[in-house]
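> Sequence and predicted structure, then a few things I'm wondering about:
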Amino acid sequence: MTDAANAAQIAYWNAATGDTWAELQERLDHQLKTLGEQGIRTLAPQAGERILDVGCGAGQTSLQLAEAVGPTGMVTGVDISQPLLAVARTRAAGQAGIQFLEADAQTFDFEPASYDAIYSRFGVMFFADPTAAFANLRKALKPEGRLTFVCWRAPADNLFMALPMIAARTVLPETASTAPDPEAPGPFGFANPDRVRRILDGAGFRDVQITPYDEAIGAGDLEQSLSTSLRVGPLGGILRDNPDHQDQILAAVRAALETYVTPEGMRVPAGVWIVTARP
Ligand SMILES: C[S@@+](CC[C@H](N)C(=O)[O-])C[C@H]1O[C@@H](n2cnc3c(N)ncnc32)[C@H](O)[C@@H]1O
């Protein structure tokens, strides 16, 4: 892909991060499934509809949407990550009514007014110019179409992501707690609902609704959660930078996670926005 608008994210999702997500996808899908399903319930896909799944990653939600629209419908998963699209295409092999497109959703020239609905599970917070991206997506929606996406609220509402770093800081209090730039592309880029509304209003959407949804989620059992935390998020880097404290940090993270073990596996609080709008 030569598109320059999101060059940094294209590089990011095609290098180590894309490979890690592709490798851990089953575990990450397990973790994110119910949050995405709350978004799909809100979208209420109908038989025969054409739906665009933005930032579809390895395709779990595209497959779910394809099942909902049935053989007369069509789901297109769009993503910039070759490793994740490869997983998605393998999963959907031989299935009718689903296709994947390697493209930047911010700039791709979608057929105007061609989709009944646009959906995303955690795939819309990475645009360099989110207003331009949503204006581009709005053009692809039929006039009576609808948009639904799921995005993270603040780290404080998402203990499953924040907990490993909170625990690491009990061992290394000086560990920088650099709060991410709240407007920078990244997982928490849409945590501020006022910003989300501003972006969607600016892109021409109407009837914007932003609803909180909370659920305790997990990436399997304690060991699986611990190993996922080491691969996805800042904990791995902290351990590499502090070789003398690795055992202590790991023990603190394990102890913190243990609090959230249930008979069904880890269940740690997570909080998202379910956002809906009309073109
Ligand atoms: C956090 S992952 C979520 C993936 C998937 N929706 C899921 O829930 O498993 C974010 C996804 O957005 C994709 N993405 C980021 N920027 C994009 C863009 N400009 N156009 C299309 N996809 C993008 C990434 O490649 C990545 O697959």
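Good, I have the coordinates.
> so Tyr115 touches Leu141, yeah?
Yes. The pair Tyr115 / Leu141 is scored as a contact, 5.5 Å apart, by CB atoms under 8 Å. C-betas here are computed from N, CA, C, even on glycine.
> Output the below-cut-off pLDDT ranges for the stretch 1-150 of the chain.
For the stretch 1-150 of the chain, residues meeting the criterion pLDDT under 70 lie at 1-3.
> just the helices in it please.
Under the criterion DSSP state H, counting those that start in this stretch, helices of the stretch 1-150 of the chain are mapped to 7-14, 16-23, 25-43, 60-69, 82-91, 130-140.
> Likewise for the stretch 151-279 of the chain?
For the stretch 151-279 of the chain, helices defined by DSSP H, counting those that start in this stretch occupy the ranges 159-171, 193-202, 222-231, 235-241, 246-258.
> Same list (those helices) but as CSV, adding distance to the ligand.
CSV is the format used below for those (distance: least, CB to the nearest ligand atom, whole Å):
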stretch, distance to the ligand
helix 159-171, 11
helix 193-202, 14
helix 222-231, 13
helix 235-241, 17
helix 246-258, 21
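> sorry, back to before: let me know which of the helices of the stretch 1-150 of the chain is tucked in deepest.
helix 60-69 (a mean of 22; mean count of other CB atoms under 10 Å).
> Can you give the distance of it from its chain's centre?
Put simply, helix 60-69 sits 16 Å off its chain's centre (CA atoms, centre = their mean, to the nearest Å).
> what does it contact?
Here helix 60-69 makes contact (CB atoms under 8 Å, 6 or more residues apart in numbering) with 25, 29, 32-33, 36-37, 39-40, 45-51, 53, 56, 73, 75-77, 88, 91-92, 95, 97-98, 100, 119, 121.
> Could you rerun that using 7 Å?
Identification of contacts with helix 60-69 by CB atoms under 7 Å, 6 or more residues apart in numbering yields 29, 33, 36, 40, 45, 47-49, 51, 53, 56, 75, 77, 88, 91-92, 95, 97-98, 119, 121.
> again with stretch 195-203
Applying CB under 7 Å, 6+ apart, the contact partners of stretch 195-203 are 130-131, 134-135, 138, 183, 190, 208, 210, 273, 275, 277.
> how much distance is there from that stretch to the middle of the chain?
19 Å.
> right, so of the helices of the stretch 1-150 of the chain, which gets closest to the ligand?
Among those, helix 7-14 comes nearest to the ligand, with 3.4 Å by CB to the nearest ligand atom.
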